[in-house]
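Enquirer: mind folding the following:
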Amino acid sequence: MAYQAIEDYGLIGNMHTAALIGRDGSIDWLCTPEFDSPSVFGALLDDRKGGYFKIAPHLPHMTRKQVYWPDTNVLITRFLGNEAVVEVVDYMPIVGRGAPGFRQLVRRVEMIRGSVPVRMECYPAFNYARDEHTVELLPNGAVFRSPSLDLELTTPQHLEIKNDRGGVEANLHLEQGQKVHFVLRPLDKEHKGAAVMESGLEQKLLEDTIQFWHNWINRCAYKGRWRSIVQRSALVLKLLTYEPTGAIVAAPTTSLPESIGGGRNWDYRYTWIRDASFSTYALMRLGFTEEAAAFMKFLEHRCHEREPDGGLQIMYGIHGEHKLPEIALDHLDGYKGSKPVRIGNAASNQLQLDIYGELMDSVYLYNKYGSPISYDLWMQLAKLVNWVCDHWQQKDEGIWETRGGPQQFVYSKMMCWVAVDRGLRLAMKRSLPCDRLRWIKVRDEIYLDVMKHGWNEQMKTFVQHYGCETLDASALMMPLVFFMGPDDPRMLSTIDAICRDPKAGGLLSDSLVYRYNVGGDVPEKSFNDGLAGHEGTFNMCTFWLVEALTRAGRTQPGRLAQARLIFEKMLGYTNHLGLYAEETGLAGQALGNFPQAFTHLGLISSAYNLDKALDNPTPQVNR
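Expert: Numbers count the residues shown, from 1 in each chain. From the prediction side, this is the model:
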């Protein structure tokens, strides 16, 4: 198998796990039964050893297309040729534990027109291709057995075992209008044989799954100019939610590279406090308060599990796990040779002070637009604000989880200000107890410190960390969190500097924004992040630029027009299904883990605020 482009995949899921399915009909990534379980199909990270589950016809001069069933996460892959049209419908039923269809992946193959041979190949590779397994044929399918997991494939089709490769294959001969389904599910160890899907059950599962997604997306409050792409982003965020705990994973994948052949490959199947807090804001903007409430519960549990020093980790497992040891899987080649493949994430041990700002901002907004927070949660949050008051002057590793050593990052200081500010606002709004005088004093100290040390008077910009000449796209968050006025001269000057070409020390390439300059043509304006190689533009940062320009546009209409142009151009970098990876390469290719929650929540937020600005160019901003 040849590697497909990252952008050539679609996503399905059931809020427990998710699978990536390529335009060639191959499932190349699936961890089951949960997001952070070991992979059973991992061809995405090793096309020889990783394992895959492919259904495709033998069609010469074939065209492949993928679409979602309207307003759902049911994926349709179509193979079109002069002789025939074949359709594969992939979905995971949304049902409760123990109900028929729970934790199943259903693949329905239908001959839409004509008649051509269709081939099914299922080759699992358990535990990231580390475990051996056996294959057992049963009257209605097959069972793959490994030391850690048994996997059942149910189908009425005749299967052939390929013992040399540990898989099964089937040749389908369907006439026009005929359909057949394959059902895959993980088994409990005591399970002994394959179950027959009752007649008509598959159709009911499909109808119920479609209805679930229709009912859910119909709650979306956004009715603006970009309704279709915003709703798709909302559907992605819902897929990345782990329903049992309310956790939101940053992405369903690990180790998709930020540069092909490089080592910037990380495991994103966890819940970052920062990402999930931004996601909560985006979901609330769309009216999905239940999801925000579920994350608040997850957050409250973590606040009761603070670290020995009283702080929080930057990320947790989907069940709230604290220990996420990072391991390199050296036996896997990585996507297109991009090594190492990593599971776990050592950044969980980093100090990143900004997370407290995002956390408190999301709580403040949830209290305002969702439901009043509880007394018990407030008491935990007040302790966290006091912790920020004690620790805001420390160096940290910053929002980008760099591995070049701690710095006095401007973004971290600014978000410490946000943490204390939102704590004060929440306390005053609800008349909640707090050390108000101390909080006011520290909030002002942080603000003045950033203005003194984070501003470079010669460059006329805010910089990445104290004492440097490096720009950082995170400065674009300043007007978004009300640290700076959107048309403050210092803010406008910073935006203008970021909008310069990277060769001139800026961060904007056409309409795409880099996080910071790595190894640029202006050494003193570059940043050594402790990692080898380069990376693509960071999609979230592009949406931050859109929002910063949108807010500045209320007094400078030209900037509002620029915001809309950049936003529209950015929409052109989505894949064929409306999905974004973490980064975009120079040739417009997707890079990094896919799809990424951070990017989709940025799209939602910028679309929402750009709509408001275009409808009313001089709005009153409230928070």
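Enquirer: hang on, isn't residue 267 packed against residue 347?
Expert: No. Residue 267 is not in contact with residue 347 according to Cβ atoms under 8 Å; the separation is 9.5 Å. In short, each C-beta sits where N, CA and C put it, glycine included.
Enquirer: which helix or strand contains residue 546?
Expert: Element membership for residue 546 (DSSP states H and E) is helix 539-552.
Enquirer: tell me the helix or strand right after that helix.
Expert: Using DSSP H and E, the first helix or strand after helix 539-552 is helix 557-571.
Enquirer: so for that next one, what gets flagged as buried?
Expert: Using 16 or more other Cβ atoms under 10 Å as the burial criterion, the residues of helix 557-571 that qualify are 559-560, 562-564, 566-567, 570.
Enquirer: then stretch 142-152?
Expert: Buried residues in stretch 142-152 (16+ other Cβ under 10 Å): 142-146, 149-152.
Enquirer: TSV for these, including distance to residue 343 and pLDDT?
Expert: Converted to TSV, the buried residues of stretch 142-152 look like this (distance: Cβ to Cβ, whole Å; pLDDT from 0 to 100):
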residue	distance to residue 343	pLDDT
142	27	97
143	26	97
144	21	97
145	23	97
146	17	97
149	16	96
150	21	97
151	19	97
152	25	97
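Enquirer: go through these and say which is closest to residue 319.
Expert: residue 149 (17.8 Å; Cβ to Cβ).
Enquirer: any idea how far that closest one lies from residue 128?
Expert: 12 Å (Cβ to Cβ, to the nearest Å).
Enquirer: now residue 347
Expert: In terms of Cβ to Cβ, residue 347 sits 20 Å off from residue 128.
Enquirer: kindly report the same for residue 461.
Expert: Residue 461 is 44 Å from residue 128, by Cβ to Cβ.
Enquirer: cool, and residue 84?
Expert: 37 Å.
Enquirer: kindly report the same for residue 586.
Expert: On the measure of Cβ to Cβ, residue 586 and residue 128 end up 31 Å apart.
Enquirer: same check, this time on residue 9
Expert: Remark: distance between residue 9 and residue 128 (Cβ to Cβ) = 19 Å.
Enquirer: for these two, indicate the residue with more neighbours.
Expert: The residue with more neighbours, out of residue 9 and residue 128, is residue 9; 28 against 23, by other Cβ atoms under 10 Å.
Enquirer: isn't that one up against residue 594?
Expert: Yes. Taking contacts as Cβ under 8 Å, residue 9 lies within contact range of residue 594: 6.7 Å.
Enquirer: give me the common contacts of those two.
Expert: Among the neighbours of residue 9, those also in contact with residue 594 (Cβ atoms under 8 Å, 6 or more residues apart in numbering) are 20, 579.
Enquirer: before we move on, the earlier item: quick one: common contacting residues for residue 149 and residue 128?
Expert: Joint contacts of residue 149 and residue 128 (Cβ under 8 Å, 6+ apart) are residue 38.
Enquirer: pLDDT weak spots in the stretch 401-550 of the chain?
Expert: Applying pLDDT under 70 to the stretch 401-550 of the chain flags the ranges 403, 519-533.
Enquirer: quick one, helices of it?
Expert: 410-430, 436-453, 489-498, 539-552 (DSSP state H, counting those that start in this stretch).
Enquirer: and for the chain?
Expert: 126-129, 201-217, 227-239, 273-285, 289-303, 355-369, 375-391, 410-430, 436-453, 489-498, 539-552, 557-571, 597-615 (DSSP state H).
Enquirer: CA atoms of the helix or strand bottoming out on mean pLDDT in the chain as PDB?
Expert: Lowest mean confidence among the helices and strands of the chain (mean pLDDT, DSSP states H and E): helix 273-285, at a mean of 86. Backbone C-alpha positions of helix 273-285 (Å, rounded to 0.1, in the frame of the first residue of the first chain) are rendered in PDB as follows:
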ATOM      1  CA  ILE A 273      -6.900  21.900  29.400                       C
ATOM      2  CA  ARG A 274      -6.200  24.700  26.900                       C
ATOM      3  CA  ASP A 275      -7.800  23.100  23.800                       C
ATOM      4  CA  ALA A 276     -10.800  21.800  25.600                       C
ATOM      5  CA  SER A 277     -11.400  25.200  27.200                       C
ATOM      6  CA  PHE A 278     -11.400  26.800  23.800                       C
ATOM      7  CA  SER A 279     -13.700  24.000  22.500                       C
ATOM      8  CA  THR A 280     -16.100  24.700  25.300                       C
ATOM      9  CA  TYR A 281     -16.300  28.400  24.300                       C
ATOM     10  CA  ALA A 282     -16.900  27.400  20.600                       C
ATOM     11  CA  LEU A 283     -19.600  24.900  21.500                       C
ATOM     12  CA  MET A 284     -21.400  27.300  23.800                       C
ATOM     13  CA  ARG A 285     -21.400  29.900  21.000                       C
END
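Enquirer: switch the buried residues of stretch 142-152 over to TSV; also include distance to residue 322.
Expert: Formatted as TSV, the buried residues of stretch 142-152 follow (distance: Cβ to Cβ, whole Å):
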residue	distance to residue 322
142	39
143	35
144	33
145	32
146	28
149	25
150	30
151	30
152	33
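Enquirer: out of those residues, which is nearest to residue 473?
Expert: For the buried residues of stretch 142-152, the nearest to residue 473 is residue 149 (41.2 Å; Cβ to Cβ).
Enquirer: so residue 35 sits against residue 248, correct?
Expert: No. Taking Cβ under 8 Å as the definition, residue 35 is not a contact partner of residue 248, at 10.3 Å.
Enquirer: residue contacts, residue 318?
Expert: Counting by Cβ under 8 Å, 6+ apart, residue 318 touches 34-36, 242, 245, 247, 249, 269-271.
Enquirer: what sits against residue 435?
Expert: Here residue 435 is in contact with 382, 386 (Cβ under 8 Å, 6+ apart).
Enquirer: local confidence estimate at the closest residue to residue 547 other than its chain neighbours?
Expert: Excluding its sequence neighbours, the residue lying closest to residue 547 (Cβ to Cβ, 6 or more residues apart in numbering) is residue 606, at 4.9 Å. On pLDDT, residue 606 comes in at 96.
Enquirer: number of residues surrounding residue 606?
Expert: Neighbour tally, residue 606, other Cβ under 10 Å: 27.
Enquirer: pretty sure it contacts residue 551?
Expert: No. With contact defined as Cβ under 8 Å, residue 606 does not reach residue 551; the gap is 10.5 Å.
Enquirer: shared neighbours, the two?
Expert: In contact with both residue 606 and residue 551: no residue, using Cβ under 8 Å, 6+ apart.
Enquirer: buried stuff in stretch 425-432?
Expert: 425-427, 432.
Enquirer: any chance of a markdown table for those, columns distance to residue 300?
Expert: Compiled in a markdown table, the buried residues of stretch 425-432 are given as follows (distance: Cβ to Cβ, whole Å):
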| residue | distance to residue 300 |
| --- | --- |
| 425 | 19 |
| 426 | 15 |
| 427 | 17 |
| 432 | 15 |
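Enquirer: which residue ranges make up each domain of the protein?
Expert: 6-214, 224-615 (automatic domain parsing).
Enquirer: how about residue 228: what's its closest non-neighbour residue?
Expert: Nearest to residue 228 is residue 578, by Cβ to Cβ, 6+ apart, at 7.5 Å.
Enquirer: in contact with the one you found, which residues are there?
Expert: Residue 578 sits in contact with 228-229, 232-233, where contact means Cβ under 8 Å, 6+ apart.
Enquirer: what does residue 262 show for phi and psi?
Expert: Here is the backbone geometry of residue 262 (degrees, to the nearest 10): phi -90, psi -180.
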